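[1] the following comprises the amino acid sequence and a computationally predicted model.
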Amino acid sequence: MPLLELKEVNKNFGGLKAVSQVSFELNGGEILGIIGPNGAGKTTLFNVITGFLKPDSGEVWFNGEKTVGLKPHQVCKKGMVRTFQLVKPFIELTVLENVVVAALNRAKTIKEAREKALRTIELVGLKEKTNTLSSGLTLGHRKRLELARTLATEPKLLLLDEVMAGLTPTEVDELIRLLKEVNHRGVTILLIEHVMRGLMALSRRVVVLNYGQKIAEGVPGEVVKNRQVIEAYLGEEFAGAQG
Amino acid sequence: MKIIYSFLSILLLILLLLPNFVSDYILGIFVLIFFYAYMGQSWNVLTGYAGPISLGHSLYLGIGAYISTKLAMDLGLTPWIGMWIGGLGAALVGLAIGFLGFRFGLKGVYFVLLTIAFGEIGRLTVLHLKPLGHMMGLFVDFKPGLANFHFRGNLPYYYIALGFVVFSLIVVRALEVSKWGRYFVALREDEDAAESLGVNVFKYKMIAIGISSFMTALGGTFYANYIFYLHPTSVMSMWVSIEIIMRPIIGGLGTPFGPLIGSLLLTPLSEIARSYFTKAGLEGIHIVIYGLLLIAAVLFFPGGIFAFIKKILKPILRESKQM
């Protein structure tokens, strides 16, 4: 049984088909990438999966349960948590306080949540910043904080929305190592990523979206040679010249 | 932390002994300082900690005041019990308003408008209800005695009001270190992020408005038995709501001591301005002073006076930690 399964999911905004008949499966322990040009419906898809938006039709199954209609906090309790493309730290709180809120998702007491938060902060490499206000963090550190918060909820499935965008190459490398470690610990990952180096290093399988539709699925190396994919990214003429 | 608690103990001791050294008039000003600090703190729980902005807290004050007073006048129930019933009544209304607002995702100014609308509905309803005094208002018969919550002089009120302040500080501190308080602050900072991390935003906003309206109504009972006269304009108007929110805003929103600091500054000023300018035939000047103070506070103390004091004291506190 796949950990996450989408069956013909549709989401329209007025006349715009943001997500159209998208189906795919994700197995436990896997890292699956979602790519596609801007406006392809990737973030909308994340919103549908995590309960921020209700699909117009179609089904989302997580861990053997239908999750359509659940609120995001219920989805989080079931073990599915997402990051935001534009990071959303609790600005007036310290790094530790930020992560404690997330750790309370499973922890019984504040003390337990604190201990878990400290471990998670160390894991993502923010230990020196533990008591820094999150308003004083660089983008790279904010992205790590975002990741620390999601991890502190103890997810089975982590949905990452462009966590590598805007990072320096060194930071990207560190993040790749970190995500591999997280995956190694048993967390399944679904990631939207424009940073190709990160995507190639992590995912063994990618799904390509364009105009809300799934146009390709497969091993990254093959998918990037797919004619439809090249068209989507670079236009028809370029695809013709290549072919 | 230790140094803060010892400082607070000393402050409390001074306040406990203060009545021995000052006149009844000064004591009366302190009663108002404590009263507004308490009301501000009650509002602070909702708006300062959890985020939704309410401009209709006079509604809860009024509900608390009228329920406990009517119970005392018609059924002879002591306000000491009536105040809790008034609190429950206000909490029910608060939860109903919260349900309407939060269920349908009203945010920012739209929630503000909702609270103003219900505040006005409450005021107009009371204004037209005969049992509640109609246009004339409700006069509370003065029957001195502990059970009746009526006292001669300001001294008993001083200690009761101080008790209210201490009670509200304990409530807020207990919230701050609990899961509820952590969730309140998280949803104030970013609702979507909180929701995605497993915080039931609707539920915790409801808890916040429930606690806040309940606490505000308890203060309403105090007000009724201190002033002895209830009129919709003087207890349930929008101006009362503004009085309630001014002190925590100037003192420091979302901080435990903001409302008290704000009240220590603002209440005496407003009392002095009110009595002097009214004598000089310049009624309403204290409102102008409020406006100027608010502008000054926003310009010079963004985040409130408490945040400013904290910044000054930080090096001192750090040193004491190392010792």
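    Looks like it came in fine. Numbers count the residues shown, from 1 in each chain, chains lettered A, B, ... in the order given.
[2] C-alpha from now on. contacts and neighbour counts both.
    OK.
[3] ok, residue A:181 - contacts?
    By CA atoms under 8 Å, 6 or more residues apart in numbering or on different chains, residue A:181 lies in contact with nothing.
[4] can you list contacts of whichever strand or helix holds residue B:93?
    In the assignment (DSSP states H and E), residue B:93 maps to helix B:79-103. Outside helix B:79-103, the residues within contact range by CA under 8 Å, 6+ apart are B:59-60, B:63-69, B:71-72, B:107, B:111, B:114-115, B:118, B:147-149, B:202, B:205-206, B:209-218, B:221.
[5] what distance separates it from the middle of the whole chain?
    Centroid separation for helix B:79-103 versus its chain: 15 Å, with CA atoms, centre = their mean, to the nearest Å.
[6] model confidence score at the residue in the stretch 51-200 of chain B that chain A sits nearest to, please.
    Going by CA to the nearest CA, chain A is nearest to residue B:198 of the stretch 51-200 of chain B, at 3.9 Å. Looking at residue B:198, its pLDDT is 95.
[7] name the helices or strands packed onto the helix or strand that contains residue A:73?
    Using DSSP H and E, residue A:73 sits within helix A:72-78. Where contact means 3 or more CA pairs under 8 Å, 6 or more residues apart in numbering or on different chains; DSSP states H and E, helix A:72-78 is packed against helix B:191-196.
[8] hmm, try it at 10 Å
    Helix A:72-78 sits against helix A:42-49, strand A:80-82, strand A:157-161, helix B:191-196, with contacts defined as 3 or more CA pairs under 10 Å, 6 or more residues apart in numbering or on different chains; DSSP states H and E.
[9] mind listing what the third one pairs with, with the direction of each?
    On the basis of DSSP bridges, the sheet neighbours of strand A:157-161 come out as strand A:80-82 (parallel), strand A:188-192 (parallel).
[10] moving C-terminal from the last one, which element do we reach first?
    Per DSSP H and E, the first helix or strand lying C-terminal to strand A:188-192 is helix A:196-202.
[11] tell me the buried residues in that next one?
    A:198, A:199, A:200, A:202 (16 or more other CA atoms under 10 Å in any protein chain shown).
[12] which residues of the chain fall in helices?
    All of this is about chain A. Here chain A has its helices, by DSSP state H, at A:42-49, A:72-78, A:95-103, A:110-123, A:139-152, A:169-184, A:196-202, A:220-223, A:227-234, A:236-242.
[13] my question was about chain B
    Under DSSP H, chain B gives helices at B:2-17, B:24-44, B:58-75, B:79-103, B:109-127, B:155-176, B:179-189, B:191-196, B:201-227, B:232-235, B:238-251, B:258-279, B:285-300, B:305-322.
[14] nearest residue to whichever residue of chain A sits closest to chain B in space, ignoring adjacent ones along the chain?
    Residue of chain A nearest chain B, by CA to the nearest CA: residue A:73 (3.9 Å). In space, and not counting its chain neighbours, residue A:73 is closest to residue B:198: 3.9 Å by CA to CA, 6 or more residues apart in numbering or on different chains.
[15] so what's the one you found up against?
    By CA atoms under 10 Å, 6 or more residues apart in numbering or on different chains, the residues touching residue B:198 are A:71-81, A:101-106, A:150, A:153, B:183.
[16] and if we set it to 7 Å?
    A:73, A:74, A:76, A:77, A:105 (CA atoms under 7 Å, 6 or more residues apart in numbering or on different chains).
[17] tell me which two of those residues sit farthest apart.
    A:74 and A:105 (10.3 Å; CA to CA).
[18] so for residue A:85, which of the helices of chain A sits nearest?
    Among these, helix A:42-49 sits nearest to residue A:85 (CA to CA), with 8.1 Å.
[19] now the closest one - C-alpha only, CSV.
    Taking Å, rounded to 0.1, in the frame of the first residue of the first chain, the C-alpha atoms of helix A:42-49 are listed here in CSV:
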residue,chain,number,x,y,z
LYS,A,42,2.6,22.5,-7.8
THR,A,43,1.8,24.6,-4.8
THR,A,44,-1.9,24.3,-5.3
LEU,A,45,-1.4,20.5,-5.3
PHE,A,46,0.4,20.8,-1.9
ASN,A,47,-2.5,22.9,-0.6
VAL,A,48,-4.9,20.2,-1.7
ILE,A,49,-2.9,17.4,-0.2
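[20] tilt between it and strand A:157-161?
    150 degrees (axes from the mean of the first three to the mean of the last three CA atoms, to 10 degrees).
[21] how far out from the middle of the chain is helix A:42-49?
    That offset, for helix A:42-49, works out to 10 Å (CA atoms, centre = their mean).
[22] poorly predicted segments of the chain, please.
    In the absence of a named chain, chain A is used. A:237-243 (pLDDT under 70).
[23] oops, I was thinking of chain B
    The low-confidence ranges in chain B, as defined by pLDDT under 70, are B:1, B:316-323.
[24] got the residues of it near chain A?
    Residues of chain B lying close to chain A by CA under 7 Å from any CA of the partner chain are B:178-179, B:182-183, B:186, B:189-190, B:193, B:195-200.
[25] same thing but at 6 Å, please
    B:189, B:195, B:196, B:197, B:198, B:199, B:200 (CA under 6 Å from any CA of the partner chain).
[26] the last one: neighbour count?
    It refers to residue B:200. By other CA atoms under 10 Å in any protein chain shown, 18 other residues sit near residue B:200.
[27] just give the nearest non-adjacent residue to it, would you?
    For residue B:200, ignoring the flanking residues on the chain, the nearest one in space by CA to CA, 6+ apart is residue A:73 at 5.7 Å.
[28] wouldn't that neighbour be in contact with residue B:192 here?
    No - Residue A:73 is beyond contact range of residue B:192, at 9.7 Å (criterion: CA atoms under 6 Å).
[29] ok, residue A:54 - contacts?
    residue A:48 (CA atoms under 6 Å, 6 or more residues apart in numbering or on different chains).
[30] what do you get if the cut-off is 7 Å, keeping everything else the same?
    Taking CA under 7 Å, 6+ apart, one finds A:48, A:68, A:69 in contact with residue A:54.
[31] spit out the contact partners of the residue of chain A closest to chain B.
    Per CA under 7 Å, 6+ apart, neighbours of residue A:73: B:195, B:196, B:197, B:198, B:199, B:200.
[32] do you know how far it is from residue B:204?
    Counting by CA to CA, to the nearest Å, the gap from residue A:73 to residue B:204 is 12 Å.
[33] ok, now how distant is the closest residue to residue B:152 other than its chain neighbours from residue B:153?
    Take residue B:152 and drop its neighbours on the chain: the residue closest to it by CA to CA, 6+ apart is residue B:144, 6.8 Å away. Applying CA to CA, the value for residue B:144 to residue B:153 is 10 Å.
[34] quick check: bridge partners of the residue positioned nearest the centre of chain A?
    Nearest to the mean C-alpha position of chain A, counting by CA atoms, centre = their mean, stands residue A:160 at 1.8 Å. When bridges are called by DSSP bridges, residue A:160 pairs up with residue A:191.
[35] give the contact list for it.
    A:82, A:83, A:190, A:191, A:192.
[36] how close does it sit to residue A:143?
    In terms of CA to CA, residue A:160 sits 10 Å off from residue A:143.
[37] do residue B:278 as well
    When residue B:278 is compared with residue A:143 (using CA to CA), they lie 58 Å apart.
[38] then residue B:108?
    To residue A:143, residue B:108 is 27 Å away according to CA to CA.
[39] more neighbours: which of these two?
    Remark: of residue B:108 and residue A:143, residue A:143 carries more neighbours, 27 against 12, as counted by other CA under 10 Å.
[40] what's the burial count for residue B:130?
    Neighbours of residue B:130 (other CA under 10 Å): 12.
[41] repeat that for residue A:183.
    19.
[42] can you check residue B:96 too?
    15.
[43] got the buried residues for the helix holding residue B:93?
    B:79-80, B:82-95, B:97-99, B:101-102.
[44] over to stretch A:200-212?
    Applying 16+ other CA under 10 Å to stretch A:200-212 flags A:200, A:202, A:203, A:205, A:206, A:207, A:208, A:209, A:210, A:211, A:212 as buried.
[45] one more: stretch A:107-117?
    Applying 16+ other CA under 10 Å to stretch A:107-117 flags A:107, A:110, A:113, A:114, A:116, A:117 as buried.
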